[in-house]
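Undergrad: make a model of this:
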Amino acid sequence: MSMLWEKSEAWRWIVRKSRDSKSFFFTFATVCGVVPGIIGYCVMQMTNSRNEQLEAYLRQNGRPETKMMGQVNKERLAEFLGELQRKEDTNDRYVAALKGETLTRNPYVRIQPVPKQKDAALNQPVKEQNK
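TA: Here you go, the predicted structure:
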């Protein structure tokens with residue numbers, strides 16, 4: 001790749017001018033940083049659609065798992081914001097996560113262990129299950 005730059009007269013001229021003139025260097029650096037930023041901003045503004053009909057159509061025709069995840073995220077966010085609004089201590093959420101427990105199954109009970117798998121109940125002797 002460096003062969004391309006070393007053989008290019010335009011690149012050599014830019015390097016020579018940058019070395020000799022600080023004002024050229026800063027101008028060139030600004031152009032290299034600002035111009036792509038402006039172009040990117042313009043592209044994002046042109047492609048960003050705030051069309052309500054399009055958003056409604058996309059929400060209506062979403063896949064079931066997408067809708068479910070959206071609903072779950074809303075519920076979790078509402079629970080978290082409610083805790084913040086009530087100024088509850090949320091450190092137990094992180095402690096529970098480190099222990100492999102979750103706080104989102106039943107919002108009225110803070111820390112709940114992860115339910116055991118059904119295989120563990122099947123492996124126990126039949127006599128114990130009948131008691």
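Undergrad: what segments of this structure are helices?
TA: 2-7, 9-20, 22-47, 52-60, 64-85, 91-98, 118-123, 126-130 (DSSP state H).
Undergrad: could I get those helices as JSON lines with mean neighbour count and mean pLDDT?
TA: C-beta: built from backbone N, CA, C; applies to glycine. Listed next are the helices of the chain as JSON lines, based on neighbours: other C-beta atoms under 10 Å; pLDDT from 0 to 100:
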{"stretch": "helix 2-7", "mean neighbour count": "9", "mean pLDDT": "72"}
{"stretch": "helix 9-20", "mean neighbour count": "11", "mean pLDDT": "90"}
{"stretch": "helix 22-47", "mean neighbour count": "10", "mean pLDDT": "93"}
{"stretch": "helix 52-60", "mean neighbour count": "10", "mean pLDDT": "84"}
{"stretch": "helix 64-85", "mean neighbour count": "11", "mean pLDDT": "86"}
{"stretch": "helix 91-98", "mean neighbour count": "12", "mean pLDDT": "75"}
{"stretch": "helix 118-123", "mean neighbour count": "8", "mean pLDDT": "55"}
{"stretch": "helix 126-130", "mean neighbour count": "7", "mean pLDDT": "50"}
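Undergrad: middle-most residue in the protein, spatially?
TA: The chain has Asn73 as the residue nearest its centroid, 12.4 Å off, counting by C-alpha atoms, centre = their mean.
Undergrad: against Asp92, how distant is it?
TA: Asn73 sits 21 Å away from Asp92, going by C-beta to C-beta, to the nearest Å.
Undergrad: next: Glu75.
TA: 19 Å.
Undergrad: same question, Glu52
TA: 41 Å.
Undergrad: cool, and Lys67?
TA: Counting by C-beta to C-beta - Lys67 and Asp92 are separated by 30 Å.
Undergrad: again with Ile14
TA: 59 Å.
Undergrad: same check on Phe25?
TA: Phe25 is 55 Å from Asp92, by C-beta to C-beta.
Undergrad: check Asn48 too.
TA: 40 Å.
Undergrad: same check on Ser8?
TA: Ser8 is 62 Å from Asp92, by C-beta to C-beta.
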